[in-house]
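Colleague: Got a predicted model here, sequence first, then my questions.
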Amino acid sequence: MAQQTTDPVEALIDRIAEAVIRKIDERDKIDAIAQAVLARLEEQQTAASPAKAPARTKRPAGKAKQAQARRPRPRQEGQPR
């Protein structure tokens, strides 16, 4: 606690400073808790699927051509199967 002052302006400044310090401390605590939760979730995710590779969003370069080669070509008139 701050020392008692007789000047009302000084007292108001002290109260505001204490409130700001409390808010900063609360935010630091919340941030520490959030960091711990995120770390715990990451640990659980890696423990649940250690052999699983990350999902790919694109096919590797050769796979698209392989998939295209497997598709049957559209038949044109007069061509046998």
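Modeller: Perfect, I can see it now. Bear in mind the structure is a predicted one, so any value in this text is a computation, not a measurement.

Colleague: Please count neighbours and contacts with C-alpha atoms only from this point.
Modeller: Will do.

Colleague: which other helices and strands contact the helix ranked longest in the chain?
Modeller: Taking DSSP state H as the criterion, the chain has its longest helix at helix 8-48. Counting contacts by 3 or more CA pairs under 8 Å, 6 or more residues apart in numbering; DSSP states H and E, there are no secondary-structure elements packed against helix 8-48.

Colleague: Low-confidence regions, the chain specifically.
Modeller: 1-5, 49-74, 79-81 (pLDDT under 70).

Colleague: let's go with 90 and repeat that
Modeller: Along the chain, the model assigns pLDDT under 90 to residues 1-6, 44-81.

Colleague: Let's verify residue 6: helix, strand, or coil?
Modeller: coil (DSSP: H, G, I helix; E, B strand; the rest coil).

Colleague: do you know how far it is from residue 14?
Modeller: As judged by CA to CA, to the nearest Å, residue 6 and residue 14 stand 12 Å apart.

Colleague: more crowded one of those two?
Modeller: Per other CA atoms under 10 Å, whichever of residue 6 and residue 14 has more neighbours is residue 14, with 17 against 8.
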